[in-house]
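# No letters, just coordinates:
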């Protein structure tokens, strides 16, 4: 008797799909060879049925594995936000109106005094080429003095455009009030505009712009990784006990020993080496470990401002009956003129004539049910509701217990 062997050396491939495909090929070959006495059409039918079964199993595969770096990050390895106040000069009469923004003149006076220029008190500076701005930047981790940063410059007064301006030296400070970078350079504004004769046209935003490599790092943020005996912390982007458990198991299997310990649903403690070079290699291996996260819980996200409704594949809908109808109120107002008789003492007045109609669409009970996302979508589309009405229907289905998902309004 012919024996079908499905065991053998582990197949090194990108995923389980390759194994399923090879298994289907072997099954197909087995049926073709063992059923040679049967009509070839019947054998082909069996092979097609087996391939169909394998294809269905491929659709039921779990979520694709992801690297740890996509799911979590090391504690302390993060950006730091910087902010500063400065002046942009060299504008083509598109700067701040100093009568409405007196702090621009005050800032310029203070800057000139530091450069040895004294402005007499009480002088009314009529500036059109200067604008007060806020400068923001992100300081990446492990930044060293002398490195360059990209900065964003935004107007805080009534300047029409920062196009063609130059940012003067601006200190950028962190949340602790210390200066970590110095910004200066020529503005790069993507917008453009023109006006004449009371008409104007504008493309994109002109009150803000960027300066690539416009800031110079002057101070680094202290970061002592592994200072507590080489202990590191891995923080998940989204808290999930199942994903934490899988990640701990995958990391320990990668190193062949227990180096990862779960502290809660978000934080994993890692027992890393004390040597800096060995610690970097350790962290690189941890980031490249492949983990299959648990399936996200069923959730429906409603955006009340835009009317958007988004749901994930885990959403299910138990059988329910829904009646949906819309109530429309139409108001049509026409204005007439009441003219007095000739030589009368009356006045000509405008008389509004309002016509109000209320229309209610017919609604019938419809059964909605679905165990998969496409079935849920088709069931809700059959109601013919607008996105705004669909929000109310989903909320009612959730209250009735038919919608098996969490509602989140943003």
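Happy to help now that I have it. Note that the coordinates shown come from a computational prediction; the quantities given were computed from them, not determined experimentally. Numbers count the residues shown, from 1 in each chain.
# quick one: the strands in the stretch 51-200 of the chain?
Using DSSP state E, counting those that start in this stretch, the strands of the stretch 51-200 of the chain run over 66-67, 72-74, 80-89, 131-139, 148-155, 166-173, 179-186, 192-196, 199-203.
# of all those strands, which gets the most neighbours per residue?
With neighbours taken as mean count of other Cβ atoms under 10 Å, the strands of the stretch 51-200 of the chain reach their highest mean count in strand 131-139, at a mean of 22. All C-beta spots, glycine's among them, are computed from the backbone N, C-alpha and C.
# Report all helices and strands that that strand contacts.
Applying 3 or more Cβ pairs under 8 Å, 6 or more residues apart in numbering; DSSP states H and E, we find strand 131-139 packed against strand 80-89, helix 102-114, strand 148-155, strand 166-173, strand 179-186, strand 208-217.
# Partner strands of it, with direction?
Note on strand 131-139: by DSSP bridges, its sheet partners are strand 80-89 (antiparallel), strand 148-155 (antiparallel).
# quick one: which of those strands is nearest residue 288?
Of all the strands paired with strand 131-139, it is strand 80-89 that lies closest to residue 288, at 26.1 Å by Cβ to Cβ.
# chain center to the closest one, what's the gap?
In this view, strand 80-89 has its centroid 26 Å away from the chain centroid, taken as Cα atoms, centre = their mean, to the nearest Å.
# Could you list the residues in contact with it?
95, 104, 107-108, 111, 129-139, 149, 153, 155, 159, 162, 165-175, 180-181, 183, 187, 215, 221 (Cβ atoms under 8 Å, 6 or more residues apart in numbering).
# Please report phi then psi for residue 299.
phi -150, psi 140 (degrees, to the nearest 10).
# I'd like to know how many residues surround the residue lying closest to it once chain neighbours are set aside.
Leaving aside its sequence neighbours, residue 299 sits nearest to residue 406 (Cβ to Cβ, 6 or more residues apart in numbering; 4.8 Å). The number of residues packed near residue 406 is 13, by other Cβ atoms under 10 Å.
# How about residue 108?
20.
# I'd guess residue 279 is in a helix, am I close?
Yes. Under DSSP: H, G, I helix; E, B strand; the rest coil, residue 279 falls within a helix.
# ok, now how distant is it from residue 270?
10 Å (Cβ to Cβ, to the nearest Å).
# neighbour count winner among the two?
Counting neighbours by other Cβ under 10 Å for residue 279 and for residue 270 shows that residue 270 has the greater number, 22 against 17.
# Next one: the nearest residue to that one once chain neighbours are set aside from residue 75, what distance?
Leaving aside its chain neighbours, residue 270 sits nearest to residue 232 (4.2 Å; criterion: Cβ to Cβ, 6+ apart). Counting by Cβ to Cβ, the separation of residue 232 from residue 75 is 7 Å.
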